[in-house]
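Asks: predicted model and sequence follow; I will ask about them next.
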Amino acid sequence: MSKNMFKFFGSLALFAFVLSGTAVKAGTKEDVAKKGSVSCGVSQGVPGFSNADASGKWSGIDVDMCRAVAAAVLGDANKVKYQPLSAKDRFEVLKSGQIDMLSRNTTWTLSRDAGLGLEFVGTNFYDGQGFIVRKAAKVNTAKKLNNVKVCVETGTTTELNLRDYFKANKLKYEAVSFTKADEAVAAYDAGRCDVYTTDKSGLAAQRTKMKNPGEHTVLPETISKEPLGPVVRGNDQNWKDIAAWSLYVMIEAEELGVSSKNIDSMKSTDNPNIKRLLGLEGDTGKSLGLSNTWAYNIIKQVGNYGEVYERNVGAKTPLGLARNGSPNQLWSKGGILYAPPVR
Amino acid sequence: MKIKNLINWSKQNLFSSVFNSLISLFCIYLIIISLPPFIDWAFLSATFEGKLKTDCKTSGACWVFVKVWFEKFMYGFYPVENIWRINLSFLILILSIAASFFVKDKFKIYILFFLIFIFPIIAFILIHGSFGMQIVESREWGGLALTFILAIFGIIFSFPLGVLLALGRRSELPVIKYFSICFIEFWRGIPLITVLFAAAVMFPLLLPADTYVDKTLRIAIGIAIFESAYIAEVVRGGLQSLSKGQYDAAKSLGMGYWKMNIFIILPQAIKTVIPGIANTFIALLKDTPLIVLVGMAEILGMINLAKANPYWLGMAVEGYVFAAAIFWVVSYFLSSYSQKLENKYSTEKK
């Protein structure tokens, strides 16, 4: 059946308006340089990760990842073309070469990494499933959630993780299932459940929709692993390295205390690590095929990881995700963010 | 006097029997319990003034959301300074449709010709950009404008194609007949979402590496072909309703196949199936939000995007009510337009 359709589409293409444009060749970097922009696959709206404002400007942690790569390759973080993608078509669109990279809160799993011909380049946000409860319930750990009603979205891994967690801890619960997150939250808010569960970044977003967000609290436990990160095609090692190290230098910069604000005053430093990062010593750009100021451009225009985090999902944003105590803190401060040395 | 009329009218229409009275009472009950809270939410305790979510009172609707995002809902990411180009395209379309009501019959064929062959080119040049106008890639098209672009493209191209397929299916030449049957049955047999996925995602995998057919165009062609199969069947219904005498009469006047169809058969057949055609087009319009699944942001996609902005979380209901209102208005316009056409071309004596 579908073969017929492809033949039909193929012949149709002869009549169709054929525009010359992006081509899938080995060198994504060369392609990007030629086009003058990075096409970046983002979400159709995930708060704090990739979302647009009323003037059409994109922002979010995932968007800043795209901007970092554009800054590294083209020297200008604004040279990004955003392509909103649904969860269903994201991998195919990347594979067919319509975008250069995918930065769309995508969980890194074995089957996706090994089975799709794609390459996960790192983790820019460690997410995981959590619980939100009413403060009035006076529960401060998920271990004490016994005989509770839990609002959850049906047909997701969230539901399975929930079952596993309660079973492993010998706790009883009753699941109240919904097909849409909005419905589940509304039901929890209306008092039909004691607990609502979804990924922690989502909990923060959902909490702001409740009538009195201050009356609810997110429990500290994280019951699943959802490492979210950018993805590229598997046939381009150089491009993968560029994306990976764009993420690493943001983490490294934070560790070294370099931010978009102080980077220019850091130029006079004696610290060889910082000098290398800023491209004043050694040639870190050469092996990536980039100019030596590539990392400087990222930090100057996009910021270090801490700045990106605080700007998009941090305590001062409506999402208010506290960073301390979460995995998304530097390894030296109790988190698991760790960048290999830039040298 | 008027009150008396009202009482008489309701006695005749609402309470004419026990069963009718029960239904009427039930409906009145439904209106009483649902309408006041809605009016209160949507108008009385709603917030209209402001620029931020925090300007909104919590109890009523926050129309500030729609106000702030209105431009994005209408035009997507289309560059603000070029929006006049979209407006101009739609103005041309509306004017030419309006003109068709006022000009003499013999000029109507020119308007039809203009709409089918010239207007798409003008609209494409205006919206996409050319001749020194800034190019706006279709990636940036969105909002209600994209809904309309896809729906109008679908209507303009699926209609002639559908008519040809309907004639083809009744043709006496086996090649044409069986091609038409296969084509129609194939496209009716697959769901629209499959067509969209194939056009958006799978088609590029089959192209040579250095060719690139625009994604919006792929989707638009997919929708047009899909709808043409439905139009074909609707028109075929009209063709079957004609008596054989019409064909014989036309032939006895010495008319050939095309002359017979264009001047005798199709005008009568299409006239009878105007409601069916309008049905298909309204369904087409309401199917367009499916393109959200292939990453395009028509009006519903833009609303979803807007309500995911961290500073506008929790605005789902306002957004969806707004979308519902827009779709209702457009669908209502389409159906009343089709009713007008029906009355106009009706040859029944009233």
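Replies: All right, it came through fine. Numbering: from 1, shown residues only, chains lettered A, B, ... in the order given.

Asks: check the secondary structure at the closest residue to chain B within the stretch 151-300 of chain A for me.
Replies: Closest residue of the stretch 151-300 of chain A to chain B, Cβ to the nearest Cβ: residue A:209 (3.5 Å). In short, each C-beta sits where N, CA and C put it, glycine included. When the structure is split into helix, strand and coil by DSSP: H, G, I helix; E, B strand; the rest coil, residue A:209 lands in coil.

Asks: quick check: it vs residue A:184, distance?
Replies: Applying Cβ to Cβ, to the nearest Å, one obtains 11 Å for the distance of residue A:209 from residue A:184.

Asks: and the two? Which one has more around it.
Replies: residue A:184 (25 against 17; other Cβ atoms under 10 Å in any protein chain shown).

Asks: check contacts around the more buried one.
Replies: The neighbours of residue A:184, taking Cβ atoms under 8 Å, 6 or more residues apart in numbering or on different chains as the test, are A:151, A:152, A:153, A:176, A:177, A:178, A:196, A:198.

Asks: do residue B:14 as well
Replies: Under the contact definition (Cβ under 8 Å, 6+ apart), the residues listed for residue B:14 are B:20, B:21, B:24.

Asks: confirm residue A:303 sits in a strand?
Replies: No - assessed by three-state DSSP, residue A:303 does not belong to a strand; its assignment is coil.

Asks: past the helix or strand containing residue B:4, which element shows up next along the chain?
Replies: Counting by DSSP states H and E, the element that carries residue B:4 is helix B:2-13. Sequence-wise, the next helix or strand downstream of helix B:2-13 (DSSP H and E) is helix B:18-39.

Asks: contacting residues around that next one?
Replies: B:10, B:14, B:15.

Asks: quick one: low-confidence parts of the stretch 1-150 of chain B?
Replies: Along the stretch 1-150 of chain B, the parts satisfying pLDDT under 70 run over B:1.

Asks: and the strands in the stretch 201-350 of chain B, which stretches?
Replies: Chain-ordered strands for the stretch 201-350 of chain B, with DSSP state E, counting those that start in this stretch as the definition, fall at B:212-213.

Asks: what sits against the residue of it found nearest chain A?
Replies: Closest approach of the stretch 201-350 of chain B to chain A (Cβ to the nearest Cβ) occurs at residue B:308, with a separation of 3.0 Å. Applying Cβ under 8 Å, 6+ apart, we find residue B:308 in contact with A:43, A:44, A:45, A:46, A:47, A:51, A:205.

Asks: so which of these comes closest to residue A:169?
Replies: The nearest member of these to residue A:169, counting by Cβ to Cβ, is residue A:205 at 26.6 Å.

Asks: assign that closest one to helix, strand or coil.
Replies: At residue A:205, secondary structure determined by three-state DSSP is helix.

Asks: could you pull out the helices in the stretch 101-250 of chain A for me?
Replies: Remark: helices assigned in the stretch 101-250 of chain A by DSSP state H, counting those that start in this stretch are A:110-115, A:157-168, A:181-189, A:200-207, A:237-255.

Asks: can I get the CA coordinates of the second one in CSV?
Replies: By that I understand helix A:157-168. C-alpha atoms of helix A:157-168 as CSV (Å, rounded to 0.1, in the frame of the first residue of the first chain):
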residue,chain,number,x,y,z
THR,A,157,5.7,5.5,31.6
THR,A,158,4.7,7.8,34.4
GLU,A,159,1.9,5.3,35.3
LEU,A,160,4.3,2.3,35.2
ASN,A,161,6.9,4.1,37.3
LEU,A,162,4.3,4.9,39.8
ARG,A,163,3.2,1.3,40.1
ASP,A,164,6.8,0.1,40.4
TYR,A,165,7.6,2.6,43.1
PHE,A,166,4.6,1.8,45.3
LYS,A,167,5.1,-1.9,44.9
ALA,A,168,8.8,-1.8,45.8
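
Asks: on that earlier part again, now do the closest residue to the residue of the stretch 201-350 of chain B closest to chain A other than its chain neighbours, the pLDDT please.
Replies: Of all residues beyond its chain neighbours, the one nearest residue B:308 is residue A:45 (3.0 Å), with distances taken as Cβ to Cβ, 6 or more residues apart in numbering or on different chains. Residue A:45 carries a pLDDT value of 89.

Asks: phi first, then psi, for residue A:45.
Replies: When read as degrees, to the nearest 10, the backbone of residue A:45 gives phi 120, psi 90.

Asks: hmm, it is touching residue B:303, no?
Replies: No - proximity of residue A:45 to residue B:303 does not meet the contact threshold set by Cβ atoms under 8 Å, at 9.4 Å.

Asks: domains in chain B, as residue ranges please.
Replies: Using automatic domain parsing, the domains assigned to chain B come out as B:2-44, B:53-78+B:136-345.

Asks: looking at these, which is closest to residue A:286?
Replies: Nearest to residue A:286 among the domains of chain B is domain B:53-78+B:136-345 (29.1 Å), distances taken as Cβ to Cβ.

Asks: could you work out the end-to-end span of the closest one for me?
Replies: Start to finish, the residues bounding domain B:53-78+B:136-345 are 51 Å apart (Cα to Cα, to the nearest Å).

Asks: how distant is that domain from the center of its chain?
Replies: 6 Å (Cα atoms, centre = their mean, to the nearest Å).

Asks: taking chain A, what residue is nearest to chain B?
Replies: Scanning chain A for the residue nearest chain B gives residue A:45, at 3.0 Å (criterion: Cβ to the nearest Cβ).

Asks: and for stretch A:167-179, what's in contact with it?
Replies: Residues contacting stretch A:167-179 (Cβ under 8 Å, 6+ apart): A:142-143, A:145-155, A:159, A:162-163, A:166, A:184, A:187, A:192-193, A:195.

Asks: between the longest helix along chain B and helix A:181-189, how many degrees?
Replies: Taking DSSP state H as the criterion, chain B has its longest helix at helix B:316-345. On the basis of axes from the mean of the first three to the mean of the last three Cα atoms, to 10 degrees, helix B:316-345 is oriented at 130 degrees to helix A:181-189.
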